[in-house]
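Undergrad: sequence-free structure coming up:
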């Protein structure tokens, strides 16, 4: 019979499998040792397990050594009580069902042998499920919480007491009892109040997943636009809900909207540090970039952010992940967010305005705009200057919302992903016929790729899977800030 019991813990926001094995040797004196870098809570499990065994009428004798593998990883939390107890039971009794050893066991023990819930059990369960584990033995008190999660094709045996392990396993397939809330049509009608330029930019962002920078005087609806985009995005799928639930829980954030399928909308304060933005710390805590995964990362008052904080997002914007390298770990965390930025063009807010005079000197404007590096701005797909006539009451919608959903689905069917996420080399090859005609209109290879992606998205809006020169010239206006602001970045 197998003697290794499966369990796990979360390290660097990821599931790490822990294997529990027990060695027994005869001795007149009883001794129970737990090795494998256990912390205080794991060491204390010895007393809980001994008391629980006595409550079941099981006497422990001899020298017992419990090893938690991998031995170089510090083990913490009381969720390892149950797998340690099962490993000991198997060594002493040896008549446990084989299915137990194919499952991941998590739970805290009471002194009377009861199996209790603890804070880490549900998080480790979700992390394990996302790592393709599909068979678990968990405390029965978690039945309700698990039924609220979009879990499918997963067998769970809910138990209340250790003695149930001597019975025939009763695995059951859990069913999702929650619902996805998604009613975008009323929100979509608000697009009609925007000018055709802003409306077109928002639709391109929604359809192709393109990042966007809204720059202009205060009070023009930049923040409103960012919120609207987050509400119009399609709801999270099951795996995305679980993924975001895990990271929100680890960060101590409210996840109620996530369980309803709403996309994350993160709007960190401009005083946020680099560590707060990308994550880190002793245990690899997720930062704002990871918390915005599958949703929107909105950087309001972009000009007030520390430049190094903004530059820390340059790689995640391209790779859709954050790589954390510290003394005791190296881990990749997801950062597949839609970046929306909003900023005034100067300290007073009216630089470039046609209706209000700017009170700032050239030096002040240059200093303000120098906070965003050229490489950071170049990574943002859509640049929109909003001034005065950003919102109208008499504008009509060129597309209905169903058309936007159809275009998103058409991209996924054609390319396997949204256009904004496609590899640059693939885009250059796919659009190779038009490149000689438009390459002189861009300032760099990255700028060319961004323009081609926008043009390709525009062609999908028009029902075509290949772009033409007209598409390129249509979206080129959304890249004009790279030329307008370029003088301010020259040293």
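TA: Received, thanks. Quantities reported herein were computed from a predicted structural model and do not represent experimental measurements.
Undergrad: The lengthiest helix in the chain: which residues count as buried?
TA: Ordering each helix of the chain by length in residues (DSSP state H) puts helix 445-461 first. Across helix 445-461, burial judged by 16 or more other Cβ atoms under 10 Å covers 448-461. Every C-beta, even on glycine, is put in place using the N, C-alpha and C of the backbone.
Undergrad: how distant is that helix from the center of its chain?
TA: Helix 445-461 has its C-alpha centroid displaced from the chain centroid by 26 Å (Cα atoms, centre = their mean, to the nearest Å).
Undergrad: Report the inter-axis angle for the helix or strand just after that helix versus helix 445-461.
TA: Sequence-wise, the next helix or strand downstream of helix 445-461 (DSSP states H and E) is helix 469-476. Using axes from the mean of the first three to the mean of the last three Cα atoms, to 10 degrees, the inter-axis angle of helix 469-476 relative to helix 445-461 is 110 degrees.
Undergrad: contact partners of helix 469-476?
TA: 204, 434, 437-438, 441, 451-452, 454-459, 462 (Cβ atoms under 8 Å, 6 or more residues apart in numbering).
Undergrad: Recalculate using a threshold of 6 Å.
TA: Residues outside helix 469-476 that contact it (Cβ atoms under 6 Å, 6 or more residues apart in numbering) are 437-438, 454-455, 458-459.
Undergrad: Please tell me the pLDDT value assigned to the closest residue to residue 37 other than its chain neighbours.
TA: Nearest residue to residue 37, sequence neighbours excluded (Cβ to Cβ, 6 or more residues apart in numbering): residue 74, at 4.6 Å. According to the prediction, residue 74 has pLDDT 90.
Undergrad: What count of nearby residues applies to residue 74?
TA: The number of residues packed near residue 74 is 14, by other Cβ atoms under 10 Å.
Undergrad: Point out where the stretch 101-250 of the chain drops to low pLDDT.
TA: 177-179 (pLDDT under 70).
Undergrad: which residues does the nearest residue to residue 326 once chain neighbours are set aside bridge with?
TA: Of all residues not flanking residue 326 in the chain, residue 280 sits nearest, at 6.6 Å (Cβ to Cβ, 6+ apart). Beta-bridge partners for residue 280, by DSSP bridges, are residue 285.
Undergrad: where does residue 280 sit relative to residue 299, distance-wise?
TA: 19 Å (Cβ to Cβ, to the nearest Å).
Undergrad: more crowded one of these two?
TA: A direct count of neighbours by other Cβ under 10 Å for residue 280 and residue 299 places residue 299 higher, at 26 against 22.
Undergrad: Would you list the phi and psi of that one?
TA: Torsion angles at residue 299 (phi, psi; degrees, to the nearest 10) stand at phi -110, psi 90.
Undergrad: looking at it, it is touching residue 340, isn't it?
TA: No - look at residue 299 against residue 340 with Cβ atoms under 6 Å: they stay out of range, at 7.4 Å.
Undergrad: which residues of the stretch 351-491 of the chain score low on pLDDT?
TA: Short version for the stretch 351-491 of the chain, where the test is pLDDT under 70: 388-398, 480-491.
Undergrad: What does the pLDDT read for the residue nearest the centre of the chain?
TA: Geometric centre of the chain, nearest residue: residue 293, 3.0 Å, by Cα atoms, centre = their mean. The model reports residue 293 with a pLDDT of 96.
Undergrad: nearest spatial neighbour of it, skipping sequence neighbours?
TA: residue 334 (4.5 Å).
Undergrad: Residue 23 now?
TA: Spatial nearest neighbour of residue 23, excluding adjacent residues (Cβ to Cβ, 6+ apart): residue 65 at 4.5 Å.
Undergrad: Give the pairing partners of the helix or strand harbouring that neighbour; include direction for each.
TA: Counting by DSSP H and E, the element that carries residue 65 is strand 63-69. Take DSSP bridges as the rule and strand 63-69 pairs in its sheet with strand 14-25 (antiparallel), strand 31-35 (parallel).
Undergrad: Can you name the next helix or strand after the shortest one?
TA: Beyond strand 31-35 in the direction of the C-terminus, DSSP H and E gives the next helix or strand as helix 40-43.
Undergrad: quick one, the helix or strand that that next one is followed by and strand 63-69 angle?
TA: Proceeding C-terminally, helix 40-43 gives way to helix 45-55 as the next helix or strand, assigned by DSSP H and E. Using the same axes, to 10 degrees, one finds that helix 45-55 and strand 63-69 are set 130 degrees apart in direction.
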